[in-house]
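*Asks:* Fold the stuff below for me.
(2 chains)
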2 protein chains.
Amino acid sequence: MSFLDRLARCRSKDMSAYRPFIVAGGSLGWVKNDFAAALRDFPDVFTVTDAAVSLSDRLQDFQDRTAAVDGAVRRLRERGLVRHWFEEKFPVKRAHGAVPLFDMERGAISFFGLPAFGVHLNGYVGHGNKMGAEMKLWVAERSHEKPVEPGKYDQIVAGGQPANLTVMENLIKECGEEASIDPALASQAVPVGAITYTMEMPEGLRRDVLYNFDLALAPDFNPVNTDGEVHAFHLWPLDKVSAIVHDTDDFKFNCSLVAIDFLIRHGAIAPEHPEYIDCIKGLRT
Amino acid sequence: MSFLDRLARCRSKDMSAYRPFIVAGGSLGWVKNDFAAALRDFPDVFTVTDAAVSLSDRLQDFQDRTAAVDGAVRRLRERGLVRHWFEEKFPVKRAHGAVPLFDMERGAISFFGLPAFGVHLNGYVGHGNKMGAEMKLWVAERSHEKPVEPGKYDQIVAGGQPANLTVMENLIKECGEEASIDPALASQAVPVGAITYTMEMPEGLRRDVLYNFDLALAPDFNPVNTDGEVHAFHLWPLDKVSAIVHDTDDFKFNCSLVAIDFLIRHGAIAPEHPEYIDCIKGLRT
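*Replies:* This next block holds a predicted model:
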C-alpha cells in the first residue's frame, strides 16, 4: 500500500464509454453512452447524437436551462435512474471562476460528468514543524448509516458547494452543522489551495474540485456533530494519520487526498519520500 | 498582467528542436539539435543519431559515466559552448527518489535537458490567516552583479541541490551562506511541498523541481548575507508581495512561482480568484 494507491483510486477512467456534453457551443461534461440513450426521451431538452449530447439550443438563458434540465432529471429520478437525490442545486460552469450556465440537482451532476466543487477543512491542534511531531489532526468518523462510504474517515468538516453560497459562506455553514464550530472561529480558517480529481462512478464521471482550508483549534476544543453525519471525532498525531492513509483505505477516497495534501504542507511527508513529487503532481490532475 | 503570466514564462517550449538523451536504456533528458552535433566529437562518450543522443553503453557504472561526461563537458567549456561553470556537481537521475546514474557539472545540466533539483525557503513573520493581512514575507533583492537575473526579487534563501548533501543539509548550508540563519533555526524549517516546471533556455531545457520550505522568523530577526549574492532584504506584507508578483516581472522567473505557491497556501490568494485552480495546477506540470 502507498500514498499513490490512494491517488490511483481517484484516477481510473475509460473514456471510450463517454460522449461529450455540449452547452452553448462548448464541451462542459461527459455522458455515459447508456445514460445518453435515456436522454433521447427528452428531445426538447437534449439533442443526442452518436458523437455528443447537447443541451437544446432553444434554451438560451440561465433560468430556461435550469428549469428544463430540472424537469428532465426529476423524471429520470421517478424512473429510478437518478438514485441519490439531495434537493440541492449545484452550479454548472465550465471551470472554476466561470459564470454558471445553469443550476442542476447535485444528484445528477456526475451523470453529466460536470465539474463539482466542495469545501474540506483540516482542523488541527499544535504546530506543524519537525515532521509534524507536535501537531494533531481532527478526523471525523462518518456515520455508519451514511449511504456513501459509511464509517470511513473524513475531514472534521466537508461538504459540497451549492449554487447560492460563496465558498467561505458555505464553509462557515458546514462548520456549524458538522462540528459546532461557531462562525467567528470558522471565519479564521485559512484557504490553503485545492485538489482536483476525476473518478469513474457507476453513473458517470465524478470531476471534483475541493477547496481546502486549515483551521488552528485550541487544545480544549471539542467538535460536536449536529446533523447526524458523524459517528465520532478523533484527535490523532500526524504520524498516525499518515500511517492510516498510507497503509489502509479507511479514509473516504477523496478525503485521503485532502489528508495527503495536509501532511505534505505540514512536513509530515518529507521530500525524501520516494512518492513526494508524484503525490504533489497527482493531487491536481 | 496576471499570476498565470508568471507561470507561462516557465512553460514555453518547442520540442521539435530536441532529441531524447538516453542513459542505460531509458530516456533521461533532451538535447537540442545543435548541441547534439557538437557531441559527435566525443564518440567514446556519446552515440549521436538523428533520433537520439545516447550515453555510450561501454560506460557501465556511476564512476565511469561521471568521469567520461566530465571530460567531455570540460572540453565543451574550453570551446566556449558551456558558458556558466559552477564547479559543482548535480546528481543525474530519472526522477525524484531515483538512484543517481552519474553526477554532472551544474552548468551543463540544461544542455542535456536533465531534471535538476533546488531548495527555496519562504521566511515569514506573523500569522497567515485573514487573507494574509497579518503576515509579512522576507524578500531578497539579488545582487546587481549576478550573471543571472541581477537585481530581481528572490526568496530569502534559495539554492541548487548538489549531489553530496541531503535536501535538509543543503537548506541549512544555504541558510547560513545567504541569510546568516543559524543551523538550529534553519532546522525548524518545514518542508511544504514542491513546484515543478520546464522552461526553454538558449542552451536547452531547464527542468526544475524546487523543494519549498516555510520558516517562521521572529519580528526582530534580520537576515545578513555572507556570500555576496544578495543586495538587500525586504520585509513586505503579503498583499505587497502579491501585487508585485501579479503586476510585474520583478521577481526572478522561478521565484515568482514559489511566491505564488506561498500566497495560495497562506490564504493571500483566495479561492474566488479566477486564476486559483489554473495556478495550483500550473505550479506542478
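
*Asks:* Spell out which residues of the stretch 151-285 of chain A are next to chain B.
*Replies:* A:166-168, A:188-194, A:196, A:209, A:211, A:216, A:264-267, A:270-278, A:280-281, A:284-285 (CB under 8 Å from any CB of the partner chain). Quick note: C-beta positions are derived from backbone N, CA and C, even for glycine.

*Asks:* Please pick the buried ones from the residues you listed.
*Replies:* Among those, those classed as buried by 16 or more other CB atoms under 10 Å in any protein chain shown are A:167-168, A:189-194, A:196, A:209, A:211, A:216, A:264-267, A:270-271, A:273, A:275-278, A:280-281, A:284.

*Asks:* out of these, which are inside helices?
*Replies:* Judged by DSSP state H, these include A:V167, A:M168, A:I264, A:R265, A:Y276, A:I277, A:D278, A:I280, A:K281 as members of helices.

*Asks:* Please, where are all the helices along chain A?
*Replies:* A:3-9, A:33-39, A:62-78, A:167-179, A:183-186, A:238-247, A:253-265, A:276-282.

*Asks:* Output these in CSV; the columns should cover mean pLDDT.
*Replies:* Listed next are those as CSV, based on pLDDT from 0 to 100:
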stretch, mean pLDDT
helix A:3-9, 82
helix A:33-39, 95
helix A:62-78, 97
helix A:167-179, 96
helix A:183-186, 96
helix A:238-247, 95
helix A:253-265, 96
helix A:276-282, 92
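
*Asks:* highest average neighbour count across the ones you listed?
*Replies:* helix A:253-265 (a mean of 24; mean count of other CB atoms under 10 Å in any protein chain shown).

*Asks:* can the helices of chain A go into a markdown table with extra columns for distance to A:Y124?
*Replies:* Putting the helices of chain A into a markdown table (distance: least, CB to CB, whole Å) gives the following:
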| stretch | distance to A:Y124 |
| --- | --- |
| helix A:3-9 | 19 |
| helix A:33-39 | 41 |
| helix A:62-78 | 39 |
| helix A:167-179 | 13 |
| helix A:183-186 | 13 |
| helix A:238-247 | 8 |
| helix A:253-265 | 8 |
| helix A:276-282 | 19 |
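
*Asks:* circling back: out of the ones in helices among the buried ones among the residues of the stretch 151-285 of chain A next to chain B, which comes closest to B:A98?
*Replies:* The nearest member of these to B:A98, counting by CB to CB, is A:I277 at 10.5 Å.

*Asks:* pretty sure that closest one contacts B:V209?
*Replies:* Yes. A:I277 is in contact with B:V209 according to CB atoms under 8 Å; the separation is 6.2 Å.

*Asks:* Common neighbours of those two, please.
*Replies:* Jointly contacting A:I277 and B:V209 under the rule CB atoms under 8 Å, 6 or more residues apart in numbering or on different chains are B:H96, B:A194, B:T196.

*Asks:* ok now do the last one, which residues does it touch?
*Replies:* For B:T196, the set of contacting residues under the criterion of CB under 8 Å, 6+ apart consists of A:I277, A:I280, A:K281, B:R207, B:D208, B:V209, B:L210, B:L283, B:R284, B:T285.

*Asks:* try 6 Å
*Replies:* Neighbour list for B:T196: B:V209, B:R284 [criterion: CB atoms under 6 Å, 6 or more residues apart in numbering or on different chains].

*Asks:* ditto for the first one
*Replies:* Shown here is B:H96, whose contacts under the criterion CB under 6 Å, 6+ apart are A:Y276, A:I277, B:V209.

*Asks:* If I look at it, what pLDDT would I see?
*Replies:* With respect to pLDDT, B:H96 scores 75.

*Asks:* State the distance from A:G80 to B:S16.
*Replies:* 54 Å (CB to CB, to the nearest Å).

*Asks:* Repeat that for A:L101.
*Replies:* 38 Å.

*Asks:* swap in A:A184?
*Replies:* 58 Å.

*Asks:* Now the residue lying farthest from the centre of chain A. Its backbone dihedrals?
*Replies:* Largest separation from the mean C-alpha position in chain A: A:R58, at 31.6 Å (CA atoms, centre = their mean). Backbone geometry at A:R58, expressed as degrees, to the nearest 10, gives phi -70, psi -10.
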